[in-house]
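Undergrad: Fold the following for me, if possible:
(one chain, ligands or ions: 2)
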Amino acid sequence: MSAVSLPVLPHAPAAPKRSPVDPATLAYRELRRGPFWQRIPAYKDVTEAQFLDHNWQAKHTITKSSKLLEALQGLVSPAFIEDAELGFQKAPMSIRVSPYLLSLIDWEAPYEDPLRIQFIPVGSRLQPDHPKLDLDSLHEQADAPVPGLTHRYPDKALFLALDTCPVYCRFCTRSYAVGVDTDEVEKVSLKVSNERWARAFDYIRSRPELEDIVISGGDAYQLRAAQLEEIGEALLAIPQVRRMRFATKGPAVMPQKILTDDAWTDALTRIVEKGRKLHKEVVLHTHFNHPNEITGITEDAMNKLLERGITVRNQSVLQRGVNDSPEAMTMLVKRLGHVNVHPYYVYVHDLVTGVEDLRTSVDTAIFIEKHVRGSTAGFNTPLFVVDAPGGGGKRDVHSFEWYDRETGISVYQAPSVKPGQFFLYFDPLHQLSTSVQRRWADASEHEVMVQSAIAKAKERIR
Ligand SMILES: *Cc1c(COP(=O)(O)O)cnc(C)c1O
Ligand code: SF4
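TA: Ligands and ions are numbered 1, 2, ... in the order given. Sure, this is the predicted structure:
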C-alpha cells in the first residue's frame, strides 16, 4: 500500500464548510420536565412524588366520559365540552385517560392538540366511514386456531393475553367495548384465563415453526407481575420459541409504572434475563405516536430499562392531524432515538369504524417516509407499512402491485403469507377528488373501481 500525497498548492481553495446547525433541528432533545401537571386545576396541589406514583396515576385515571368532561370544566370552552359530548355519543368507546395524559394536552388549543385528537373524540370533526370498511370481517378469526392466538405468518404468532389497556385509543378497533366491536377477535372473550392461556401455549408447543411470539391484547401493562412472569416462563420453556415481545402502550401513557411499580418492572427484567441465559430474545414493544408523548419522565423510565438491558421498540400509527407531516414524524423518530427506543414500524391507519377523520392515504405515508429516511441512523428509521385488510399482514407501503391515486385503491400481494391473493387498501374519501367521491357514493361503481385496480395489478405481476 502506498499513500498518495497530494502537492500542496499555494492557493488551495478552502475545504467546503458545513454551515452551523440550526438549533431548531435539535429541539427533539428538549424534553418536558418540571410540574407541568399543576396547570390542570384538579392537579394543582399534586406533588412530584404523587405524580410519579403509578398507584396514584391508576387511581386517578378517568374511565367515564362524564367524569372527563367534568375535569375539563374551566379548562376549555363550553362549546368544546358540547362537541366532545357529541363525540362520545357518536363513538361509544371505552374511555381511559391517565392524569399524565390529560396533563400533556394543550387545553388552550384542544382542537389541534395531537394527544386530544387520539383519545378524545369531538362530534364536529367526525367523518362518514369509507363504504369498503366492513371488508375485513372474519379474517383474524380465520387465522386464530385457538381463541386469542392468531397464527397468520409462518414463524410468528400473536397471543392476546387479555382485553384491557392502560388507555383506550380512538384509532384502535379494540378501543370499543367487547360486543360493540365489529372485529371478530374482539367477540371472543379475551379475559385473563389460565385455561385459555394453556390452550394457546399447547398450540404453540405443537407447532415447530413458531419461533416468535407477540404478547399483546389488550396490553401487557395490565398484567400483574406474576402473570407476566407466568407467560414469560411458559413461552421460554418451549424449545422452538426464540423471540418474544411484550407489547404495551404503557410507556406512552404512564411511564411512571416502570419507575415505581417495582414488582412489574422486576418481573419483566427477570424474564429478559432468563431469556438471555437461554439465548432467547425478550423485548418490549411500545406505541408512541407523537413527540409530545415523550417527556423527561419517559426518559427516566427508558433509561431504567436500558440500564437493565431491555430493548424497546416502537410502533406508531400514522394519523391525520397527529403525525402526518414530515416535521412531526421526523421529530418523533429523533426523540425516540434520543431515549433509546427503536422506531420499528409506522402503520398506515387501519380501516376502523368511526375514525375516518384520522386516516391518511398510502400516498401520504410514502411522502412522509421519504422525508424521514436519511434524517437519522438507518436502524432507527421505521418501516412504513400497511396492514392489508383481509389478513395479508403488514406490507411495505411501497410494495403495491398497483396504486390508483385517483380512486385511492392500492393492491398488495403477500406471497409468503397468503400466496395468490390480492389485498386492497382504500384511502380515505376526504383525500380524493370530488368527482371520485361521487363515484364512491354510488354503490354500483365500487366493483368497477375495485376490478379495474385488480386488473391493473394482474398485468404487472411477475
Ligand atoms: C404484527 C403481527 C405479528 C408480528 O409481525 P412483525 O412484522 O414481526 O412485527 C405477528 N402476528 C400478527 C397476527 C400480527 O398482526
Ligand atoms: S393501547 Fe393498543 S390495543 Fe389498547 S386501545 Fe390503544 S391501540 Fe388499542
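
Undergrad: Check which helix or strand P208 maps to.
TA: When elements are defined using DSSP states H and E, P208 is found to belong to no helix and no strand.

Undergrad: mind listing what the residue nearest the centre of the chain touches?
TA: For the chain, the residue nearest the mean C-alpha position is S316 (3.6 Å; C-alpha atoms, centre = their mean). Going by C-beta atoms under 8 Å, 6 or more residues apart in numbering, S316 touches H287, F288, N289, N323, L332, P343, Y345, V346, Y347, P382. (Each C-beta comes from the backbone N, C-alpha and C, glycine too.)

Undergrad: In the stretch 1-150 of the chain, which residue sits closest to ligand 1?
TA: Residue nearest to ligand 1 within the stretch 1-150 of the chain (C-beta to the nearest ligand atom): T150, separated by 4.1 Å.

Undergrad: Verify the contact between that residue and A157 for me.
TA: Yes - in this structure, T150 is within contact of A157 by C-beta atoms under 8 Å, at 6.5 Å.

Undergrad: hmm, who's touching stretch 31-42?
TA: Residues outside stretch 31-42 that contact it (C-beta under 8 Å, 6+ apart) are 43-46, 48, 51, 71, 74-75, 99-100, 102-104, 107, 292, 294-296, 298-299, 335, 339.

Undergrad: buried ones in the longest helix belonging to the chain?
TA: The single longest helix within the chain, with elements called by DSSP state H, is helix 443-460. For helix 443-460, the neighbour count (16 or more other C-beta atoms under 10 Å) marks H446, M449, V450, A453, I454, A457 as buried.

Undergrad: near ligand 2, which residues of the stretch 251-400 of the chain show up?
TA: H287 (C-beta under 6 Å from any ligand atom).

Undergrad: picking that back up, name the nearest of the contacts of S316 relative to L210.
TA: Proximity of these to L210 (C-beta to C-beta) peaks at Y345, which lies at 20.8 Å.

Undergrad: helix/strand/coil for that closest one?
TA: Secondary structure, DSSP: H, G, I helix; E, B strand; the rest coil: Y345 is strand.

Undergrad: Does D163 touch L190 like I think?
TA: Yes - in terms of C-beta under 8 Å, D163 counts as a neighbour of L190; the distance is 3.7 Å.

Undergrad: so which strand or helix has the closest residue in space to E293 that isn't next to it in sequence?
TA: Closest residue in space to E293, ignoring its immediate chain neighbours: A252 at 4.7 Å, by C-beta to C-beta, 6 or more residues apart in numbering. Element membership for A252 (DSSP H and E) is helix 250-253.

Undergrad: who does that helix touch, helix- and strand-wise?
TA: Here helix 250-253 touches helix 256-260, strand 281-286, helix 296-307, going by 3 or more C-beta pairs under 8 Å, 6 or more residues apart in numbering; DSSP states H and E.

Undergrad: same thing but 10 Å
TA: helix 99-104, helix 114-119, helix 256-260, strand 281-286, helix 296-307, strand 312-318 (3 or more C-beta pairs under 10 Å, 6 or more residues apart in numbering; DSSP states H and E).

Undergrad: hang on, the earlier thing: got any residues that touch both of T150 and A157?
TA: Shared contacts of T150 and A157, defined by C-beta atoms under 10 Å, 6 or more residues apart in numbering, comprise D143, A144, V214.

Undergrad: Put together CSV for those residues, with pLDDT, distance to ligand 2 and secondary structure on each row.
TA: Supplementary listing: those in CSV, determined by pLDDT from 0 to 100; distance: C-beta to the nearest ligand atom, whole Å; DSSP: H, G, I helix; E, B strand; the rest coil:
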residue, pLDDT, distance to ligand 2, secondary structure
D143, 82, 18, coil
A144, 88, 16, coil
V214, 97, 12, strand
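
Undergrad: Relative to G408, which of those is nearest.
TA: Distances from G408 to the shared contacts of T150 and A157, taken by C-beta to C-beta, are shortest for D143, at 26.2 Å.

Undergrad: before we move on, the earlier item: who's in contact with the longest helix of the chain?
TA: Contacts for helix 443-460 (C-beta under 10 Å, 6+ apart): 131-132, 400-404, 406-413, 422, 424, 426, 436, 438-440, 442.

Undergrad: tell me the mean pLDDT for that helix?
TA: Helix 443-460 carries an average pLDDT of 96.

Undergrad: And stretch 366-373, by the same measure?
TA: Mean per-residue pLDDT for stretch 366-373: 98.

Undergrad: buried ones in that stretch?
TA: I368, E369, V372.

Undergrad: correct me, but the last one touches M329?
TA: Yes - counting by C-beta atoms under 10 Å, a contact exists between V372 and M329, whose distance comes to 5.4 Å.

Undergrad: Which neighbours do those two have in common?
TA: P343, V346, P382, F384.

Undergrad: Adding pLDDT, write the residues you listed out as TSV.
TA: Shown next, in TSV, are the shared contacts of V372 and M329 (pLDDT from 0 to 100):
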residue	pLDDT
P343	98
V346	98
P382	98
F384	98
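
Undergrad: Pull out the buried residues from those residues.
TA: Buried among these (16+ other C-beta under 10 Å): P343, V346, P382, F384.

Undergrad: Identify the spatial nearest neighbour of the closest residue to ligand 2 within the stretch 251-400 of the chain, chain neighbours not counted.
TA: The nearest approach of the stretch 251-400 of the chain to ligand 2 comes at H287, 5.9 Å away (C-beta to the nearest ligand atom). Leaving out its chain neighbours, the residue that sits closest to H287 by C-beta to C-beta, 6+ apart is K249, at 4.6 Å.
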